[in-house]
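S.K.: Got a sequence here, can you model it:
(one chain, ligands or ions: 2)
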Amino acid sequence: MAKKEKKIAEESLKRPPVVVVLGHVDHGKSSLLEAIKDFKITSKESGGITQHIGAYEVEEKGKKITFIDTPGHEAFSAMRARGTEVADIALLVVDSAQSVQPQTKEAVMAIKRAEIPMIVVLNKIDLPNANPEKIKRELCLIDVVVESSGGAIPSVEVSAKEKTGINELLEMILLVADMHDLKSEIEAPAEGLVIESFMDSLKGPIVTAIIKKGILRPKDIIATDLALAKVKSVKDFMGRGIEGAYPAQPAIILGFEKVPAVGEKFKSYKTAEEAMQKIKTEEPKREIGSAVIDSDPDKKVLNIILKGDVFGSLEAIEAMLKNLPQEKVILRILKSEAGDINETDAKLAEMSKAVIIGFRVKISPTVMKFMKNDLDKKLRIKTFDIIYELIQDVRNGLEKKLEPEIIRQDVGKLKTLLVFWGEKNRQIVGGKITEGEFKKGLKLEILRDDKKIGTGRIINLQRDKKDIDKLSKGQEAGILFEGNIKIEKGDILQAYTEERKKGEL
Ligand SMILES: Nc1nc2c(ncn2[C@@H]2O[C@H](COP(=O)(O)OP(=O)(O)OP(=O)(O)O)[C@@H](O)[C@H]2O)c(=O)[nH]1
Ligand SMILES: [Mg+2]
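M.R.: Ligands and ions are numbered 1, 2, ... in the order given. Reported below is the predicted structural model:
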């Protein structure tokens, strides 16, 4: 056995480093990758916000480097953690004109947990107020001491915008990689890690993975704990078909029978039978909508069906939705699934009166047709490209479910002295204002012997047979009353206003 292990070790080959790019939102992670190679990452993104993990491959001086871009928004901590798990080196990107921010700190923690070396990238050095020395001092406070401050962590000043410092950064990455002697077995059965997965309505499950060992080739049989694949095709990060994906290479894999979960490892097997034996038949339930287990029958509920392009974004959306206040209205996520909006979703939505919320997904043609014929607009489908807009919309949906708060304010009281005339639901009555004031249009409550006996409204207000808009305490008034009761002498008319205030979550 020991002999065999040695043999495998000898077959290990030097492999490219996998570099994860981490940092606070907007500090320039995607721009940096764009500057490294003309990926045009940022321009393709909705509003320039990264909402995905992305894998890219670069060749510098004949040496390859794999980069993993991560989003900086706080909701995506799971993606960042996963990024550090597959990576050999982390780039901590900090905006030099800003300061160390919450997700800078979170990234540092993730890097330390993963025990991988980091390089501090001081970006936006072109800005007139850039102050890399200040950033270095702030980093010291969170135990990230760069070389120039007497520590062991290399740092590079760059401008992703003006593409300066990029060569230096690439050299630094290769240097750190060399120091760590990155090797992987190449003859071993292929192994890898799923970093993104989604269901394409035409092509089926599509998986982005980083190869850890061996070479993954078309026709290989691979399986995660949950999903089996007879690999139909292997593509590079640009979507070009390749003969084989090597260790550290990002690969797009087609051929999975169902969508594997993000973060799952896969391995190749000799036969499908062998692979099947490894697959757990019991599908672990994804923990969805755990914030909604609340069966209080008095509470209002907003049912939604969530469809997203990839698991990673669903995970982030669910995390953000769980943070919406739900004391008054419960948000129930009936289903959360990667893939386009299909007939099954539409049927479920109809049955459960749910709103379908799509994130970067298409609506299937059948459902489109269905929507056109749905004249009552019973089927509600909303799709979004930007996560924050989606969250805001769900929030609005929850607010709409709330009963508006009605704030009543008493304005004046009148004691009825005379009842002149009546027809149907109208009457003219006369009296004296004993409190506050009376105005045309105000709502009225009628009290007899201190008990409320009816309601109505002031249609018109007169004094000395002249129409008047407002009368105050002590004055006598003639009122044209409309209401659900016959007023009698001695009744008290209480005038009030009602303001409807939008409910607050
Ligand atoms: N002046 C200047 N602006 C930059 C530089 N790098 C990035 N920016 C700008 O900073 C903004 C954010 O850049 P992104 O690359 O999208 O930032 P990010 O870190 O990927 O953001 P998230 O993915 O949303 O976390 C954009 O408007 C960029 O044009 C730089 O070196 N100098
Ligand atoms: Mg980005």
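S.K.: check which helix or strand covers the most centrally placed residue in the chain.
M.R.: Central residue of the chain (Cα atoms, centre = their mean): Ile317, 2.9 Å from the mean position. According to DSSP states H and E, Ile317 maps onto helix 311-322.
S.K.: quick one: the helix or strand just after that helix to chain centroid distance?
M.R.: Heading C-terminal from helix 311-322, the first helix or strand you meet, by DSSP H and E, is strand 329-338. Relative to its chain's centre, strand 329-338 lies at 13 Å (Cα atoms, centre = their mean, to the nearest Å).
S.K.: by contact count, what packs against strand 329-338?
M.R.: Judged by 3 or more Cβ pairs under 8 Å, 6 or more residues apart in numbering; DSSP states H and E, the packing partners of strand 329-338 are strand 191-200, strand 300-308, helix 311-322, helix 343-352, helix 387-401. For every residue, glycine as well, the C-beta is placed using N, CA and C.
S.K.: what lines up beside that strand in the sheet?
M.R.: Looking at strand 329-338 with DSSP bridges, its partner strands are strand 300-308 (parallel).
S.K.: tell me the mean pLDDT for the strand it pairs with?
M.R.: Averaged across strand 300-308, the pLDDT comes to 91.
S.K.: so it versus helix 387-401, what angle?
M.R.: With axes from the mean of the first three to the mean of the last three Cα atoms, to 10 degrees as the basis, strand 300-308 and helix 387-401 are set at 160 degrees to each other.
S.K.: Figure out how far strand 300-308 is from the centre of its chain.
M.R.: 14 Å.
S.K.: ok, and for that strand, which residues are buried?
M.R.: Buried residues in strand 300-308, counted by 16 or more other Cβ atoms under 10 Å: Val301, Leu302, Asn303, Ile304, Ile305, Leu306, Lys307, Gly308.
S.K.: Look up which residues are beta-bridged to the third one.
M.R.: Okay, so that is Asn303. Under DSSP bridges, the beta-bridge partners of Asn303 are Arg332.
S.K.: ok, it - contacts?
M.R.: Arg332, Leu334, Ser352, Lys353, Ala354, Val355 (Cβ atoms under 8 Å, 6 or more residues apart in numbering).
S.K.: just the second one next, same as before
M.R.: Residues in contact with Leu302, defined by Cβ under 8 Å, 6+ apart, are Val329, Ile330, Leu331, Arg332, Val355, Val394, Gly397, Leu398, Lys401.
S.K.: Would you mind measuring from it to Gly397?
M.R.: From Leu302 across to Gly397, the span is 5 Å (Cβ to Cβ, to the nearest Å).
S.K.: The fifth one too?
M.R.: Here the distance between Ile305 and Gly397 works out to 13 Å (Cβ to Cβ).
S.K.: Name all residues that sit in contact with these two at the same time.
M.R.: Here Ile305 and Gly397 share the contacting residues Val355, scored by Cβ under 8 Å, 6+ apart.
S.K.: hmm, back to that, common neighbours of Leu302 and Gly397, please.
M.R.: Common contacts of Leu302 and Gly397, defined by Cβ under 8 Å, 6+ apart, comprise Val355.
S.K.: Can I get the helices and strands packed on strand 329-338 in TSV including distance to Val120?
M.R.: TSV is the format used below for the helices and strands packed on strand 329-338 (distance: least, Cβ to Cβ, whole Å):
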stretch	distance to Val120
strand 191-200	24
strand 300-308	33
helix 311-322	26
helix 343-352	45
helix 387-401	28
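S.K.: Okay, and the beta partners of the residue lying closest to Arg380 once chain neighbours are set aside?
M.R.: Excluding its sequence neighbours, the residue lying closest to Arg380 (Cβ to Cβ, 6 or more residues apart in numbering) is Val355, at 4.5 Å. Assessed by DSSP bridges, Val355 has beta-bridge partners Ile304, Arg380.
S.K.: quick one on the thing from earlier: which of the contacts of Asn303 lies closest to ligand 1?
M.R.: Within these, distances to ligand 1 taken as Cβ to the nearest ligand atom reach their minimum at Val355, with 26.8 Å.
S.K.: residues contacting the closest one?
M.R.: Val355 is in contact with Leu302, Asn303, Ile304, Ile305, Ala349, Arg380, Ile381, Lys382, Gly397, counting by Cβ under 8 Å, 6+ apart.
S.K.: Quick check: it vs ligand 2, distance?
M.R.: Using Cβ to the ion, to the nearest Å, Val355 is found at 29 Å from ligand 2.
S.K.: ditto for Ser197
M.R.: Ser197 sits 20 Å away from ligand 2, going by Cβ to the ion.
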